[in-house]
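**Student:** sharing a model that was predicted from the sequence below.
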Amino acid sequence: MRSTPLLSLLAICLLRGITHAELNVPPQGFTALFNGKDLDGWRGGWTEDHRKLLALSDDERKTKLDAWTADMREHWKIENGELLNDGHGKYATTAADYGDFELLLEYNMAPKGDSGVYLRNVPQVQIWDPQHEDPGAKLGRAKGSGGLWNNSQGAPGKDPLVVADKPCGEWNSLRVLMVGARVSVWLNDKPVVDHALLENYYDRKTPIPARGPIGLQTHGAPIKWRNVFVRPIGSDEANKILASKSTASFQSIFNGKDLEGWAGPVDNYQAVDGAITCKPSKGGTVYHKQDLSDFVARVDFKLPPGGNNGLAIRYPGQGDTAYVGMCECQVLDDNYDKVRGKIDPRQAHGSAYGMVAAARGYQHPIGEWNFQEVTVQGSTIKVELNGTIILDTDLSKITETMGTHPGKDRTHGFFGFAGHGDPVMFRNILIKTLSAQ
């Protein structure tokens, strides 16, 4: 269907008898964040790490939120089923937090406008007038809206793939798909960001929060919003989205029925429901017989409460991979210390065991499948869990470790699983070999 200018759209609505009350009605599966009548479900927000807000005491947090919300309500109002901002004040921010989600909205911007959408309160999907470029500022307005503007220069997603904006004064439709830190954006049905990582504006050395609010930014020019809908994405759908990306050259190393092609204590493992599972109270390192140098491994895993296992990286075929291999990439219940006792941060899930700690808090709930991708190149290892990079390190630079790790500088070896007696499950086990650095 062709796009329609605002006045023509109004005329069509009148002819068809569509009322303002019929705006903001969500499609099936979605929930309306804005009800078209009031600011129920919204609070004031600001450019601040959501984790900093959560770290406050209840009283401190309430005081800050009350002040932000009072300021926000001075600059936002509802007219004819639309949410209007005068270009100033604190941002309209959802009271609820979201993890993985699909977001739909429409916006209508004044000329020379500048705004955006905060994802888990991280800036931002950029919205602005591409016809109004300040030659001295070099902000990139002419490249159009929809990009992850606060990403580093040259990073994927920072600049939109195409200019898809409608002229100021017309309604634009925005669709955002967020899985982990991976963001895809469509502007007026045209893809402008494809599965790019949203960088943490507040601290680029750490990943963005696993959950947080959605915010509508104000930046000096009037803007109108309507039809703001959200649909949470569950773990199964999230895993499918992640697994569908960049699949070229991956090869399966597990047939789903038995451990043909694998070595080590294979009798301690079994194939159950298409997954390799460590037998209870058994363990040891089983490994695929392909000797690898640089590679990417993809795997789904599911943990029982307190579950403990690991990915063997460049394992020599005997000994404890945590020490004689390049490393054991820990597979562990994120709440392990609450279930079984205190652990060192370098033992947490995704860590290069005993050497480098991974970021925590990005697993799906126990009993649900997780998607993980591990990239091994030279002396570096990068771990992406459920769409968020939780470890990115160079083991050749590590000098302080738990115990000795004589194998950390290995340049080749096998990939496998280091069981520790818990029925941890692995499926969809894929390997892509890479050219050596």
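**Tutor:** Looks like it arrived, so ask away.

**Student:** what's the lengthiest helix in the chain packed up against?
**Tutor:** Longest helix in the chain, counting residues (DSSP state H): helix 58-73. Secondary-structure packing of helix 58-73 (3 or more C-beta pairs under 8 Å, 6 or more residues apart in numbering; DSSP states H and E): strand 42-45, helix 50-54, strand 91-94. (Each C-beta comes from the backbone N, C-alpha and C, glycine too.)

**Student:** so after the last one, what's the next helix or strand?
**Tutor:** What that stands for is strand 91-94. Downstream of strand 91-94, the first helix or strand assigned by DSSP states H and E is strand 101-109.

**Student:** partners of that following strand in the sheet?
**Tutor:** Strand pairing for strand 101-109, using DSSP bridges, gives strand 172-179 (antiparallel), strand 223-232 (antiparallel).

**Student:** can you show me the helices along the stretch 151-300 of the chain?
**Tutor:** Ranges of helices in the stretch 151-300 of the chain, per DSSP state H, counting those that start in this stretch, are 235-243.

**Student:** so Thr47, which of the three states?
**Tutor:** coil (DSSP: H, G, I helix; E, B strand; the rest coil).

**Student:** from what I can see it touches Pro123, true?
**Tutor:** Yes. Thr47 is within contact range of Pro123, at 6.2 Å (criterion: C-beta atoms under 8 Å).

**Student:** any shared contact partners between the two?
**Tutor:** By the contact definition C-beta atoms under 8 Å, 6 or more residues apart in numbering, Thr47 and Pro123 are jointly contacted by Tyr201.

**Student:** between the two, who's got more neighbours?
**Tutor:** Per other C-beta atoms under 10 Å, whichever of Thr47 and Pro123 has more neighbours is Pro123, with 21 against 16.

**Student:** would you mind confirming that that one makes contact with Tyr91?
**Tutor:** No. Counting by C-beta under 8 Å, Pro123 stays clear of Tyr91, with 10.0 Å between them.

**Student:** overlap in contacts of those two?
**Tutor:** Shared contacts of Pro123 and Tyr91 (C-beta under 8 Å, 6+ apart): Gln217.

**Student:** helices along the stretch 301-437 of the chain, start to end?
**Tutor:** Using DSSP H, counting those that start in this stretch, the helices found in the stretch 301-437 of the chain span residues 321-324, 336-340.

**Student:** which of the ones you listed has the lowest average pLDDT?
**Tutor:** Comparing mean pLDDT across the helices of the stretch 301-437 of the chain, the lowest value falls on helix 336-340: a mean of 89.

**Student:** what distance do you get for the nearest residue to Ala155 once chain neighbours are set aside to Ser115?
**Tutor:** Of all residues not flanking Ala155 in the chain, Glu199 sits nearest, at 6.6 Å (C-beta to C-beta, 6 or more residues apart in numbering). Glu199 sits 20 Å away from Ser115, going by C-beta to C-beta, to the nearest Å.

**Student:** looking at these two, which is more packed in?
**Tutor:** Ser115 (26 against 20).

**Student:** ok, that one - contacts?
**Tutor:** With C-beta under 8 Å, 6+ apart, Ser115 has these contacts: 107, 109, 127-128, 216-219, 221, 223.

**Student:** equivalent analysis for Ala263, please.
**Tutor:** Neighbour list for Ala263: 286-289, 317, 414 [criterion: C-beta under 8 Å, 6+ apart].

**Student:** return a ChimeraX selection command for the buried portion of the residues you listed.
**Tutor:** This is how ChimeraX selects the buried members of the contacts of Ala263, with burial counted by 16 or more other C-beta atoms under 10 Å:
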select :286,287,288,317,414
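
**Student:** and the closest residue to His219 other than its chain neighbours, how far from Lys158?
**Tutor:** In this structure, His219 finds its nearest non-sequential neighbour in Asp114, 4.2 Å apart by C-beta to C-beta, 6+ apart. Applying C-beta to C-beta, the value for Asp114 to Lys158 is 16 Å.

**Student:** ok, now Glu384?
**Tutor:** Applying C-beta to C-beta, the value for Glu384 to Lys158 is 19 Å.

**Student:** contacts only, for the closest residue in space to Ile214 that isn't next to it in sequence.
**Tutor:** Using C-beta to C-beta, 6+ apart and skipping residues adjacent in sequence, the residue nearest Ile214 is Thr94, 4.8 Å away. Each residue near Thr94 by C-beta under 8 Å, 6+ apart is listed here: 33, 41-43, 213-215.

**Student:** turn these into JSON lines, columns for pLDDT.
**Tutor:** Output for these, formatted as JSON lines (pLDDT from 0 to 100):
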{"residue": "Leu33", "pLDDT": "98"}
{"residue": "Gly41", "pLDDT": "98"}
{"residue": "Trp42", "pLDDT": "98"}
{"residue": "Arg43", "pLDDT": "98"}
{"residue": "Pro213", "pLDDT": "98"}
{"residue": "Ile214", "pLDDT": "98"}
{"residue": "Gly215", "pLDDT": "98"}
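
**Student:** in ChimeraX, select just the buried ones from those residues.
**Tutor:** Buried residues among those (16+ other C-beta under 10 Å), as a ChimeraX selection:
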select :33,42,43,213,214,215
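
**Student:** for the contacts of Thr94, which one is nearest Leu139?
**Tutor:** Nearest to Leu139 out of the contacts of Thr94 is Gly215 (C-beta to C-beta; 20.1 Å).

**Student:** could you give the bridge partners of that closest one?
**Tutor:** Counting by DSSP bridges, Gly215 is bridged to Thr93, Tyr118.

**Student:** for Lys257, what are phi and psi?
**Tutor:** Backbone geometry at Lys257, expressed as degrees, to the nearest 10, gives phi -120, psi -40.

**Student:** no no, Phe254
**Tutor:** Per degrees, to the nearest 10, the backbone of Phe254 is at phi -140, psi 130.

**Student:** what's the local residue count around it?
**Tutor:** 22.

**Student:** that one - nearest residue in space that isn't next to it in sequence?
**Tutor:** Ile429 (4.3 Å).

**Student:** OK, contacts around the one you found?
**Tutor:** Taking C-beta under 8 Å, 6+ apart, we find Ile429 in contact with 252-254, 276, 297-299.

**Student:** now do the contacts for Ala110.
**Tutor:** When contacts are counted by C-beta under 8 Å, 6+ apart, Ala110 touches 87, 168-169, 221-223.

**Student:** residues of stretch 282-298 that come out buried?
**Tutor:** Of all the residues in stretch 282-298, those buried under the rule 16+ other C-beta under 10 Å are 282-288, 292-298.

**Student:** thanks a lot, see you next time.
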